[in-house]
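Engineer: give me a model of this one.
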Amino acid sequence: MVRSFTISGHRRGLFEITSRVEEVLADSGVDQGLCTVFIRHTSASLVIQENADPSARADLENWMDRLVPENDPIYTHTHEGPDDMPAHVKSALTCTSIGIPVDQSRLCLGTWQGIYLWEHRSAPGTRTIVVSITT
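Structural biologist: Below you'll find the model as predicted:
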């Protein structure tokens with residue numbers, strides 16, 4: 001089973017999508033298998049991250065911004081703005097797909113884990129997430 005959904009209106013940051021993925025899993029009726037989550041973009045990514053303390057996500061975002069700053073003179077791909085090439089680098093350093101085991105019709109996430117869309121661009125846009133559930 002493959003389904004997609006869109007996320008709109010978010011600017012740079014981590015946005016939890018666990019519940020949206022769980023809805024697709026529930027609709028699939030799969031008891032045991034694999035849930036693959038994929039993002040159809042090159043300037044946003046997916047991560048599994050702590051969902052209890054928001055400061056962990058803020059620290060991660062701050063660290064990534066320091067690692068991959070805007071306006072670095074080495075960038076030549078700049079026609080879409082100063083956040084464009086850094087967004088591509090951040091996406092390359094993280095994931096565009098995540099595989100999560102399914103057992104007893106539930107995602108096998110840890111107690112403090114959530115699935116996040118990591119938007120790397122400053123301007124709000126629309127992102128498409130594809131979820132595939134296999135047995």
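Engineer: what is the burial count for F15?
Structural biologist: F15: 16 surrounding residues under other CB atoms under 10 Å. From N, CA and C alone the C-beta is placed, and that goes for glycine too.
Engineer: quick check, it in contact with H120.
Structural biologist: No. Using CB atoms under 8 Å, F15 is not in contact with H120, being 11.8 Å away.
Engineer: where along the protein do the strands fall?
Structural biologist: Ranges of strands within the chain are 2-10, 13-16, 33-39, 44-50, 97-103, 106-107, 113-119, 125-134, based on DSSP state E.
Engineer: so who does S28 touch?
Structural biologist: The neighbourhood of S28, defined by CB atoms under 8 Å, 6 or more residues apart in numbering, consists of 1, 133.
Engineer: longest helix anywhere in the protein?
Structural biologist: The helix that spans the most residues within the chain, counting by DSSP state H, is helix 54-67.
Engineer: what average pLDDT does it get?
Structural biologist: Here helix 54-67 scores 97 as its mean pLDDT.
Engineer: try stretch 22-39
Structural biologist: Mean pLDDT, stretch 22-39: 98.
Engineer: buried stuff in that stretch?
Structural biologist: Within stretch 22-39, the residues that count as buried by 16 or more other CB atoms under 10 Å are 22, 24-25, 28, 30, 33, 35, 37-39.
Engineer: so where is the chain shaky, pLDDT-wise?
Structural biologist: Within the chain, the set of residues satisfying pLDDT under 70 is empty.
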